[in-house]
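Novice: Structure for the following, please:
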Amino acid sequence: YIRETKSLPPAPQVLPQLLKLLKQDDTDNAKVVKLVTFDPALTAKILQVCNSAAYSGGEPVADLNEALVRIGFGEVFKIVATVVGEQALGGSQRGYGIGKGELWEHSAVTAVAAQVIARKCGLDDNQAFTAGLLHDVGKIVLADALESEYGRLIEETEFHHHSLLEAEKTVLGADHAEVGGRLLEKWKFPEALVAAVRWHHDPSKAGEHTQLASVVSIANLTAGFTGHSFGHQAFAVHGRSEALAALGLEASALEHFMIQTLEALQKNRILSAA
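Specialist: Here you go, the predicted structure:
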């Protein structure tokens, strides 16, 4: 399906490379600038966001180096991830009954929720943000194939009471989580992100990356609770109790994550400026 899809976005190679730099204690800004400036459109978008009302705090930012000094590498990374994510996920996925921009909205809210949860659990919030942003990237691959099979998908879920993942497996032989993981692997993302996307509906199978997959699983659920899930059977999430247990959380934490995610969305400068 990855080879056959007509709507596959260009590989966002800049993200895994920036993630590697983020893990270093003393990253040289010049390395970041060198990575990002190969794409003039991306550079222009970063400067546009930095100079928007959401970020602006004085003189306009004129170049990437100044942006890094003004708002920091972590914020610049999230802007890059958001811009790349919107480019990849902003279209419609009619095979899932998802309208233009809806998958992007769900993914962006999941990313913010994942960041909230990761910080609460003492995990890498940049990695969680990225995994949340890309968790449903497999849907852009399978959506083309599902357009001609939408009736069968409905039949499997409505009449045979299968979950969306089970229906995808029955109709297409693969589910969106599996395909998303393979796509990130093809794009050379870190193993942790590949596993988190591959197993976000079944985190206990993610091995050493179970915690990150659990963060994405709960973030996905939180996005639904806050009204940001779209398309057919958008709210089908399994393994909630296992995901909570993997992070040492009680079910009551879900309500707090919902509130904190909504608060973060109101304040989130990246999403409001992108």
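Novice: looking at the protein, which residue lies furthest from center?
Specialist: residue 59 (32.1 Å; CA atoms, centre = their mean).
Novice: Please determine how far that one is located from residue 29.
Specialist: 18 Å (CB to CB, to the nearest Å). For glycine as for every other residue, the C-beta is placed from the backbone atoms N, C-alpha and C.
Novice: and if you look at residue 169?
Specialist: Residue 169 is 46 Å from residue 29, by CB to CB.
Novice: next one: the helix or strand that contains residue 131 to chain centre, how far?
Specialist: Assigned by DSSP states H and E, residue 131 falls within helix 125-134. How far helix 125-134 lies from its chain's middle: 6 Å, per CA atoms, centre = their mean, to the nearest Å.
Novice: For the closest residue to residue 165 other than its chain neighbours, give me its contacts.
Specialist: Setting aside the residues directly before and after it, residue 165 is nearest to residue 175 in space (CB to CB, 6 or more residues apart in numbering), at 4.3 Å. With contact taken as CB atoms under 8 Å, 6 or more residues apart in numbering, residue 175 is in contact with 138, 142, 164, 165, 166, 168, 169, 201.
Novice: Same check on residue 225?
Specialist: 254, 258.
Novice: thinking again about what came up before, what's the residue nearest to residue 165 sitting at in phi/psi?
Specialist: phi -110, psi 170 (degrees, to the nearest 10).
Novice: List the buried residues for stretch 92-108?
Specialist: 92-93, 95-98, 102-108 (16 or more other CB atoms under 10 Å).
Novice: what do you get for stretch 22-42?
Specialist: Buried residues in stretch 22-42, counted by 16+ other CB under 10 Å: 22, 29, 32, 33, 35, 36, 39, 42.
Novice: quick check: mean pLDDT across that stretch?
Specialist: Averaged across stretch 22-42, pLDDT comes to 82.
Novice: Distance from the chain centre to it, please.
Specialist: That offset, for stretch 22-42, works out to 21 Å (CA atoms, centre = their mean).
Novice: And the contacts of it?
Specialist: The contact list for stretch 22-42, computed with CB under 8 Å, 6+ apart, reads 14, 17-18, 21, 43, 46, 63-65, 68-69, 73-74, 76-77, 80, 83-84, 126.
Novice: By residue count, what's the longest helix in this structure?
Specialist: For the chain, the longest helix by residue count, based on DSSP state H, is helix 102-121.
Novice: Show me what that one packs onto, helices and strands only.
Specialist: In terms of contact count using 3 or more CB pairs under 8 Å, 6 or more residues apart in numbering; DSSP states H and E, helix 102-121 is assigned the packing partners helix 73-89, helix 125-134, helix 210-225, helix 253-267.
Novice: just so I know, which of the ones you listed lies nearest residue 193?
Specialist: helix 125-134 (5.2 Å; CB to CB).
Novice: and stretch 135-144, C-alpha only, in PDB?
Specialist: Output of stretch 135-144 as PDB, limited to C-alpha atoms (Å, rounded to 0.1, in the frame of the first residue of the first chain):
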ATOM      1  CA  HIS A 135       0.300   8.300  15.100                       C
ATOM      2  CA  ASP A 136      -2.400   8.100  12.300                       C
ATOM      3  CA  VAL A 137      -0.100   8.700   9.300                       C
ATOM      4  CA  GLY A 138      -0.900   5.200   8.100                       C
ATOM      5  CA  LYS A 139      -4.400   6.400   7.300                       C
ATOM      6  CA  ILE A 140      -3.200   8.600   4.500                       C
ATOM      7  CA  VAL A 141      -1.800   5.400   2.900                       C
ATOM      8  CA  LEU A 142      -4.800   3.200   3.400                       C
ATOM      9  CA  ALA A 143      -7.400   5.900   2.700                       C
ATOM     10  CA  ASP A 144      -6.900   5.500  -1.100                       C
END
